[in-house]
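Asker: Next one to model:
(one chain, ligands or ions: 1)
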Amino acid sequence: MAGVAIIGLQWGDEGKGKITDYYAGKVDCVVRYQGGNNAGHTVIVKGKEYKFHLMPSGVIQGKKVIIGNGVVVDPSVLIEEIESVEKNGINVDLMISERAHVIMPYHRLLDGAGEKALGNKKIGTTGRGIGPCYTDKIARTGIRMGELVNENMFKERVAEIMKVKKPVFDAYGIEIDEDKMIEEYASYGKKLAPYVGNVSYYLNSIIDEKNVLFEGAQGVLLDIDHGTYPYVTSSNPSAGGIFSGTGVPPKKIEKIIGVLKAYTTRVGMGPMPTEDNTEYGEYMAKKGHEYGTTTGRKRRTGWLDLVAAKYAVMLNGIDEIAITKLDVLDGLDKIKVCTGYEYDGRVTDEFPFSSKILEKVKPIYEEFDGWDRVEGIKRYEELPKNAKRYLDFISEWLNVPISIISTGPAREDTIHNPS
Ligand code: IMP
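Answerer: All right, here's what the predicted structure looks like:
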């Protein structure tokens, strides 16, 4: 009995939703610790598709779901998700940290304005106000859920910070109707008040007796500290984010599962050494339906990058790996895997600190023969020989066992505990 964490080892979109959904069935409670509605998790259960941006995906299994203090909350999006789940006859057992920061309308406007100002150096954000909301958190000019749900506190807080924010709004030509904003947000506060509480006390009171799953959003390579800065998100998807983002101490996490897609994708700008713009990349993007759940943008696609994956495994102390979307590689005659970067005449297997360097590295590839079909296979023994070879190589290279292999989008298309 303790905490288990699920973390994306690439640039997000690894298929964490499906893996979380599998584990959610075995735990009492699912927790999100960072990010906001920039995330998008799709879960397919019995042919019905559910999409979540903020709510932990365990909600459809009737589990207690928790939004930790490290998450930034767009209240209107959360209300919409609560209502859509309830409409499907599912009871929402949700607790939101009173310390979680609120995405205000001006955060979304600042997100767009900031991107515009960056011109061709823009990050390619999801435009949901994530960066500006975290900026206010760090600048100590944010508004938290505990304030949103208390009208007097909320009004007082808005008045306090508007003085500081005014010059920023003026600089970007952003106009805010303060009274209208207060009225709208106070009404959200009323709706969300029943769910807001002290998550840190709650989690610490149950973590020794109950099974708790911590669900990461985005991926390690988008981590504000460890990712491909500045082409990153503004939070810590890495394991470290769990502790600061929930108030649960490190010793309480027993197992950390890394989710690794059998190839690589990235949305938005920034370096991606294994990006493949040939018919192979196109094949994987098409077959893998690589379009963003949140923005609908086409994802950049390429081969699996084991230099990046090894870095992610190291940073998170990954105990087990879940390989997702293996079936997307079905039908390829060859499959490449990057095991080194060549830069400045030297080969390295270290992930560089600078995006400017990463942009210039030349990936060194190992090549594998492809296979016909793994789609829908549910037993390891039935996998084609070449697929097993590919998986063994990944596991050995990363020195981590593979505990789950996903061979299709449905919950049933999964191999557990392969030998
Ligand atoms: P932001 O999180 O909206 O500020 O966007 C920053 C970067 O992170 C952009 O490159 C986004 O495309 C990327 N990003 C944010 N959330 C996700 C996600 O859930 N999956 C994949 N990429 C994401």
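Asker: what does stretch 179-187 rub up against?
Answerer: Outside stretch 179-187, the residues that touch it by CB atoms under 8 Å, 6 or more residues apart in numbering are P75, V102, M104, P105, L148, E151, F154, K155, V158. Placement of C-beta: from N, CA and C, glycine included.
Asker: Now, of the residues you listed, which are buried?
Answerer: Buried by 16 or more other CB atoms under 10 Å: P75, V102, M104, P105, L148, E151, F154, V158, out of the contacts of stretch 179-187.
Asker: In helices, which of these appear?
Answerer: Residues of the buried ones among the contacts of stretch 179-187 located in helices (DSSP state H): P75, P105, L148, E151, F154, V158.
Asker: ok, now which ones touch the first one?
Answerer: Contact partners of P75, counting by CB under 8 Å, 6+ apart, are V102, I103, L148, Y185, Y188, G189, K191, L192.
Asker: if you set the cut-off to 6 Å instead, what comes out?
Answerer: Y188, L192 (CB atoms under 6 Å, 6 or more residues apart in numbering).
Asker: Please report how far it lies from K137.
Answerer: P75 is 16 Å from K137, where distance means CB to CB, to the nearest Å.
Asker: Ok, the fifth one next?
Answerer: The span separating F154 from K137 equals 16 Å under the rule CB to CB.
Asker: Write out the residues of the chain neighbouring the ligand.
Answerer: Counting by CB under 6 Å from any ligand atom, the residues of the chain lying close to the ligand are 11-13, 38-40, 123-126, 128, 130-131, 217-218, 222, 231, 233-234, 267-268.
Asker: switch to 5 Å and redo it
Answerer: Contact residues (CB under 5 Å from any ligand atom) of the chain with the ligand: 12-13, 38-39, 124-126, 130-131, 218, 222, 233, 267-268.
Asker: Using the record's assignment, carve the protein into domains.
Answerer: Using automatic domain parsing, the domains assigned to the chain come out as 3-97+196-255, 101-192, 260-416.
Asker: and the residue of the stretch 201-350 of the chain nearest the ligand?
Answerer: G268 (2.3 Å; CB to the nearest ligand atom).
Asker: Contact partners for that residue?
Answerer: G268 makes contacts with G124, as judged by CB under 6 Å, 6+ apart.
Asker: Apply 8 Å and report the result again.
Answerer: G268 makes contact with I123, G124, T125, T126, Y231, R297, according to CB under 8 Å, 6+ apart.
Asker: Name the spans of this protein whose pLDDT lies under the cut-off.
Answerer: In the predicted model, the chain carries pLDDT under 70 at residues 1, 45-46, 419.
Asker: which residues in it form helices?
Answerer: Going by DSSP H, the chain shows helices at 16-24, 75-87, 105-118, 130-139, 145-148, 151-172, 178-192, 199-206, 240-246, 279-287, 306-316, 355-360, 385-398.
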